[in-house]
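Undergrad: Got a predicted model here, sequence first, then my questions.
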Amino acid sequence: MDRLSSHRATKEVVQKHGFKFSKSLGQNFLIDDNVIDRILEGARLSEGDHIIEVGPGIGTLTREMGKVADKVVAIEIDKTLIPILKETLSDLENVEVVNQDILKVDVQELIKEKLNHGPVKLVANLPYYITTPIVMKFLEEDIPVTDIVVMVQKEVADRMNAGPGTKDYGALSVAVQYYCDTEIVAKAPRHMFVPQPNVDSTVIGLHVREEIKYPVDNEEIFFKTVKASFGQRRKTLLNALSGLGFLTKDEIREVLQEANIDEKRRGETLSIEEFATLSNKVNAKVP
Ligand code: SAM
């Protein structure tokens, strides 16, 4: 079977099965060959790979990954797509479709059972209404994932990829870059999908580092410090950190001094290394 990524091939499959697109499940199918190739390149897909895909749709990206990788497990919530996938993926024995909601899947268990204990790569054109929960699930739940190469809304990719002092830099940039090196893999304007969404997209690569670059004493306090610092963007750190709720103004002044950070700076100017130092000083003062 040829690629499914032309508009005509997608239309044929959809019509043949009388498939109805669901807007609430974020069903916009990719119809651009070139972007598919860029995704495979961005994921450095090779024959030994174990892949998890979230939301295979009619199997457009799934097929191309199945042709190269050792094994692909594709998790699709929409049961009306399951018979379609059965047909479009019928010639690929190394592809398995699981009819579940990714947010309810025990991914560690799935990797043990179906993907030889990992490591895995997450490669997907994600449903946009749950992009951040999916990405953070893979980063925070101690899942053996080496690379996350995903299509997301352009603005979300910009935030994940942003550096300190830029308008897109925020808690999501720090959360992702705490674990990963980021890379913009490809741009995918809205006309590359059916039905056409009202946003543009970007494929971002998140390459998980083997070691945390700036280890922190307490990750919970680190993420709380980050959240408080960005909580009120117009405020100086001296004021914003009162959002932590457990430090007096004098203590905030002290931790900032100890971390060598000017109290008049704003959260959006701090590098991840500075957030790590600051959160370690905050942690030392936790009651
Ligand atoms: N991979 C296909 C492509 O590139 O053309 C489809 C991508 S489409 C943007 C997102 C897919 O995610 C849809 O197939 C949708 O049904 C599925 N989906 C939505 N919510 C999901 C969830 N919670 N768990 C698993 N799949 C989900």
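TA: Sure, I can see it.
Undergrad: for the helix or strand containing residue 172, packing partners?
TA: Using DSSP states H and E, the element containing residue 172 is helix 171-179. Under the contact definition 3 or more C-beta pairs under 8 Å, 6 or more residues apart in numbering; DSSP states H and E, helix 171-179 sits against helix 131-140, helix 154-161, strand 201-208, helix 219-231, helix 272-284. Heads up, the C-betas are built off the backbone N, CA and C, glycines and all.
Undergrad: Quickly check: the first one near the ligand or not.
TA: Going back to what we said before, that points to helix 131-140. No. Counting by C-beta under 6 Å from any ligand atom, no contacts exist between helix 131-140 and the ligand, the nearest distance being 8.0 Å.
Undergrad: Check which helices and strands that helix is in contact with.
TA: Helix 131-140 is packed against strand 145-153, helix 154-161, helix 171-179, strand 201-208, with contacts defined by 3+ C-beta pairs under 8 Å, 6+ apart.
Undergrad: now with 7 Å?
TA: Using 3 or more C-beta pairs under 7 Å, 6 or more residues apart in numbering; DSSP states H and E, the elements in contact with helix 131-140 are strand 145-153, helix 171-179.
Undergrad: cool, and the last one?
TA: Applying 3+ C-beta pairs under 7 Å, 6+ apart, we find helix 272-284 packed against helix 171-179, helix 219-231, helix 249-258.
Undergrad: If we ignore the residues flanking it in sequence, what's nearest the closest residue to the ligand within the chain?
TA: The ligand sits closest to residue 55 of the chain, with a gap of 2.1 Å, by C-beta to the nearest ligand atom. Spatial nearest neighbour of residue 55, excluding adjacent residues (C-beta to C-beta, 6 or more residues apart in numbering): residue 127 at 5.2 Å.
Undergrad: With residue 77 instead?
TA: Residue 77 sits nearest to residue 101 (C-beta to C-beta, 6+ apart), 4.9 Å away.
Undergrad: okay, the helices and strands packed on helix 131-140, which one's buried deepest?
TA: Ranked by mean neighbour count, these are led by strand 145-153 with a mean of 23 (mean count of other C-beta atoms under 10 Å).
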